[in-house]
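Undergrad: coords below, sequence missing:
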Ligand SMILES: *Cc1c(COP(=O)(O)O)cnc(C)c1O
């Protein structure tokens with residue numbers, strides 16, 4: 001695991017340098033969905049402290065114990081969030097990257113009130129306006145970001161997006177980066193195992209890598225799927 005992580009960090013640094021950027025500008029979120037806790041523990045031992053999960057229940061099973069071994073650990077929710085799981089999500093995650101609809105904003109505000117805790121938030125944009133994917137449609141993104149900023153203030157720090165499969169991701173990444181800049185949001189979460197170098201070239205400040213670090217997942221879980229939302 002230490003060797004894999006070092007090699008991956010070197011690829012990230014090379015992509016950053018290639019783009020005239022500093023490797024320190026880019027946060028690696030290790031996406032550990034389907035990965036057993038022992039392998040996550042090995043990544044922690046190798047120095048990786050930021051992780052992403054796409055399901056609340058799975059994160060709730062694995063991470064409380066891991067956190068006790070690594071106080072600096074940061075946990076991001078990168079998958080769609082159902083409103084009936086917002087309280088648990090607010091308790092569990094440091095960052096919620098999938099804020100993508102007004103109803104979820106309402107639920108998160110209520111949950112934060114009850115829990116006395118508000119994670120950092122990114123607005124997720126459906127970059128290809130694909131019906132099967134989560135994310136606010138592009139055309140509604142500006143208004144939604146403004147509404148979230150008014151409601152959540154400094155807790156809203158970024159945007160997240162996944163380009164459609166099988167097309168050049170760069171125009172999609174460029175659109176998301178421009179959107180973040182337009183709103184003065186410092187965090188741009190884009191790029192996965194297949195396309196993170198392109199994302200870094202266009203300005204990603206955070207890349208979310210699963211397979212590039214942990215290896216292939218079981219086939220049915222390979223693509224980022226959309227859990228049921230409401
Ligand atoms: C699974 C997932 C990733 C990581 O995908 P890889 O192809 O394994 O790097 C990143 N972001 C989201 C939202 C995911 O669901």
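TA: In hand now; what should we look at? What you are looking at is a predicted structure, and each value in this text was computed from that prediction instead of being measured. Numbers count the residues shown, from 1 in each chain.

Undergrad: Could you find the closest non-adjacent residue to the residue in the chain that the ligand sits nearest to?
TA: Ranked by CB to the nearest ligand atom, the top residue of the chain for proximity to the ligand is residue 210, at 2.6 Å. C-beta coordinates here come from the backbone N, C-alpha and C atoms, glycine included. Closest residue to residue 210 apart from its sequence neighbours, by CB to CB, 6 or more residues apart in numbering: residue 31 at 3.6 Å.

Undergrad: Touching, the one you found and residue 50? I think so.
TA: No - judged on CB atoms under 8 Å, residue 31 makes no contact with residue 50 at a distance of 10.2 Å.

Undergrad: So which of these two has more stuff around it?
TA: Set side by side, residue 31 and residue 50 show more neighbours around residue 31, with 26 against 17, by other CB atoms under 10 Å.

Undergrad: if we can go back for a sec, tell me how many other residues crowd the residue of the chain closest to the ligand.
TA: Count around residue 210 with other CB under 10 Å applied: 24.

Undergrad: residues in contact with it?
TA: 30-33, 35, 52, 192-193, 217 (CB atoms under 8 Å, 6 or more residues apart in numbering).

Undergrad: What residues does this structure have near the ligand?
TA: 31, 33, 54, 78-79, 162, 192-193, 208-212, 224 (CB under 6 Å from any ligand atom).

Undergrad: now the residue positioned nearest the centre of the chain, nearest residue through space, not along the chain?
TA: Geometric centre of the chain, nearest residue: residue 78, 4.1 Å, by CA atoms, centre = their mean. Spatial nearest neighbour of residue 78, chain neighbours left out: residue 52 (4.2 Å); criterion: CB to CB, 6+ apart.

Undergrad: What is the neighbour count of that neighbour?
TA: Neighbours around residue 52, by other CB under 10 Å: 25.

Undergrad: Now it. Its backbone dihedrals?
TA: Main-chain dihedrals, residue 52, degrees, to the nearest 10: phi -130, psi 140.

Undergrad: Isn't it up against residue 73?
TA: No - under the criterion of CB under 8 Å, residue 52 is not in contact with residue 73, lying 11.9 Å apart.

Undergrad: re earlier: for the residue nearest to the centre of the chain, what are its contacts?
TA: Contacts of residue 78 (CB under 8 Å, 6+ apart): 29, 31, 52-54, 97-98, 160, 208, 224.

Undergrad: Looking only at residue counts, what's the top helix in the protein?
TA: For the chain, the helix with the greatest residue count under DSSP state H is helix 2-18.
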